[in-house]
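Enquirer: sharing a model that was predicted from the sequence below.
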Amino acid sequence: MQPTAPGAPDFKNLLLALLFATTIMLGWQYFFERPRQEALRAEQEQAASEQAKLEQEKNIAKAEVAEDAEKTAARIAINSKRLHGSIALTGGRIDTLTLAKYRDTLEDDSGEVVLLRPRYEEQAYFAEFGVLGASGVKVPTASTVWKADRDVLTPDQPVTLSWDNGAGLTFEKTISLDRNYMFTVSTRVINKSAGDVQLYPYGLISRNYADVSKHYMIMHEGPLGVSNGVLNDVTYEDLREDGAQKFKDSTGWIGITDKYWLTALIPGDGMQFDAEYKYSKRGETDAYQVDLRGEPVTIAAGKSSDFTMRLFAGAKEVKLLDQYRLEYDIPLFDRAVDFGSLYFLTKPIFLLLTYFHALVGNFGLAILLLTVVIKLVLFPLANKSYTSMSQMKLLVPQMTELKERYADDKLKMNQAVIELYKKEGVNPMSGCLPILIQIPVFFALYKVLFVTIEMRHAPFFGWIHDLSAPDPTNVFTLFGLVPWDAPGFLHIGIWPLIMCATMVMQQRLNPKPADPVQAAVIGYMPYIFLFLFASFPAGLVIYWAWNNSLSILQQTFMMRSLKHKNAKKS
C-alpha cells in the first residue's frame, strides 16, 4: 500500500469525524429533542382539548340560552280552515303547522296531523326564507328578531315582518296564505345606504329525522323535486352514504315528501336557482335539508328589490296539486304523488275512481263501478278467453279418452290433443290473456289505494272503515270474540276469505291441467292468495273478489251458451 502523499486529504479521519458527528446529532435528537417535542405536543393537545371543551360548553350554553329564548319568543298565529300553526318571529321561520282536516287515526279523540315543528324540538321540521349577502353586508340570520304588523295570519289577512340592519338596509317579508296549503313569501329589500349591494334570495326546508319506520318499497319518501323538467328523487340513505346532490341553473321546485304529506319550495316566476339536497349531523341527530339559492340581484343605492317564493305545506291532494300546477305553472307538481312508472294507467284510474265517488259518495262503491268499467273494456278479449276455456271444459271427456288410449305414448297423446284443439277451434293459451292484462291494472289500483290521500280513512260498509288499510277482522280470533293477539301472518279477515272463496269457485269452472303437479299447484293458489292478500288494503281485496264474481257470472253464461249451441248441433 502506498503512503499518503504530503498535503493529500486524510479521508479516513474525515469519514470518522462525519460518522461521530452524525451519531451525536441522531443521539441528541432521539434521546433529548424527541422526548421534549412529544412532551410539548402533549401539552399543546391537552390545552387544545381543554379549550375545545370550554368552547363546546360555551356553545352548548349559548345554544341553550338561544333555545330558551326562542321557546319564549313571540309568535304569529296561523289560522285557516285547513291549517293551524305559527311563525316564529325569531328567524321568521314557518315552523309550527298542523293539518286541520286530517287526524292521526280514526279515533274520535285523535289529534290533528302534525307537519312542522320548531328547530329546538327533537323532530324539528321547518321552512325558512331570506337573503344572503356579500362579505360585510349585514343581512337577517336565523336568530334575527323580526317585528310584525299583526298577530294572526289568515287567508284574508297577510302578515308583514320587518327588520332594519342599522346600516341603511331595511328588510320586509310579507307572508300570505291561500285557503289551502300554499304560502307566498315576498321579501322586499330597501337600500338607503350610499352604495350598491348584491344579495341572493334563498329558501330552505330542514328536517331532523327520516320518517322511514314503515319503509315502503313501492313508493318514494324523502327529498324530491323537478330540475329543468326532470323529476329527481333522492332517498335518505343515498344522502347519508353518497353525500350532497346539487343541481345548477335549475328551473322547477324542490321539497321533502312523505306518503301523504309534502313540503315544497317553489321559486318565483322565471327565477333560476341552484339547488342542493344534503345530510348532516346535529349533535347525535340526523338532519336533512333541501335548499335553493336564486341568482344574485344588485340593488342600487336609493332603490329597492323584491323576491318571491312559495311554500306548499300540506296534504298531497291530487286535484289540488293539479290546480297549483296550472295556476303557478309548477312543472310535474302532481308527481309529488308517487303514481310510479305506470303513471299513464294509475292516474286515469284514480281520476275515474274520484269521478265515481262524486256520483255515489263512497269509494268502496266507486271501486265496484270501476271494476265493471274495466270488465267492459276487456270484454271482447275476456269473452274470447272464457269461450275457449268453456270449450276446453266441454272437451274434458274426449281428452280423458285420448289419455287412456295413448297412455304409453306421450308424444302421440300430445299430438292427438293438439289435433282435437284444432278441430274444435280451441286456443288453450287464450285463457291466460285476461290475467296478464289485469296484472298492470291490479298494480295500478294497488298504487292508487296505497299512495293517494283521498283513500286514507275512506270507509266502505260494515266493518271496513279505511279502504287503504287491511281488513281489521280476523277469523283466528272469531272476529273479535276471542281476546287473542294473533301473529301478523294469522290475520285473515272476512274480505280475504270472500276473495278466496270466489277464486275456488272460478277454478271449478276452468278445465284442470293435464299435469297433476300443475293441477295441484293451481289448486293451492287461492289459499296462497288468501294469506298474501290478508295484509293488502281492503279496497284492493274487495276489487279482486268483485272482479272474480263478475268473471264467474260471465264464464257461467258462456258455458251455458256453448252447451245450448252444442245441443242444437247434435
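Expert: Ah, there it is.
Enquirer: state the distance from the spatially most central residue of the chain to L262.
Expert: With distances taken as CA atoms, centre = their mean, E221 lies nearest the centre of the chain, 2.1 Å away. Note on E221: its distance to L262, by CB to CB, to the nearest Å, is 10 Å. C-beta: built from backbone N, CA, C; applies to glycine.
Enquirer: what does H465 give?
Expert: Noted for H465: a distance of 25 Å to L262, by CB to CB.
Enquirer: neighbours of V131, how many?
Expert: The local packing of V131 (other CB atoms under 10 Å) involves 22 other residues.
Enquirer: so what's it up against?
Expert: By CB atoms under 8 Å, 6 or more residues apart in numbering, the contact list for V131 reads V139, P140, F171, T187, V189, L199, Y200, P201, Y202, F307.
Enquirer: neighbour count winner among H465 and L262?
Expert: The neighbour comparison of H465 against L262 (other CB under 10 Å) goes to L262, with 22 against 14.
Enquirer: and the gap between the more buried one and G493?
Expert: Using CB to CB, one gets 31 Å for the distance from L262 to G493.
Enquirer: now do the contacts for L540.
Expert: F442, L445, Y446, L449, F533.
Enquirer: so it is in which element?
Expert: Secondary structure from DSSP states H and E places L540 in helix 538-569.
Enquirer: same deal with T502?
Expert: helix 494-509.
Enquirer: which outside residues touch that helix?
Expert: By CB under 8 Å, 6+ apart, helix 494-509 touches 389, 393, 463-464, 471, 473, 475, 479, 522-523, 525-527, 529-530, 533-534, 538, 541-542, 544-545, 548-549, 551-552, 555-556, 559.
Enquirer: and for stretch 345-365?
Expert: Contacts of stretch 345-365 (CB under 8 Å, 6+ apart): 318-319, 334, 339-340, 366-367, 369-370, 373, 440-441, 444-445, 447-448, 452, 454-455, 458-461, 464, 467, 539, 542.
Enquirer: tell me the mean pLDDT over that stretch?
Expert: Mean pLDDT, stretch 345-365: 94.
Enquirer: so which bits of it are buried?
Expert: Residues of stretch 345-365 classed as buried: 345-347, 349-350, 352-354, 356-357, 362-364 (neighbour count, 16 or more other CB atoms under 10 Å).
Enquirer: ok, which stretches of the stretch 1-150 of the chain are helices?
Expert: 11-28, 34-72 (DSSP state H, counting those that start in this stretch).
Enquirer: any low-confidence regions in the chain?
Expert: 1-34, 36-70, 211-216, 382-396, 424-435, 480-482, 484, 486-489, 511-515, 562-570 (pLDDT under 70).
Enquirer: how's it carved up into domains?
Expert: Following automatic domain parsing, one gets these domains for the chain: 75-335, 346-569.
Enquirer: give me the distance between the two termini of the first one.
Expert: This points to domain 75-335. Using CA to CA, to the nearest Å, the end-to-end distance of domain 75-335 comes to 34 Å.
Enquirer: now that domain: how far from the chain's centre is it?
Expert: Taking CA atoms, centre = their mean, to the nearest Å, the mean C-alpha location of domain 75-335 is offset from the chain mean by 18 Å.
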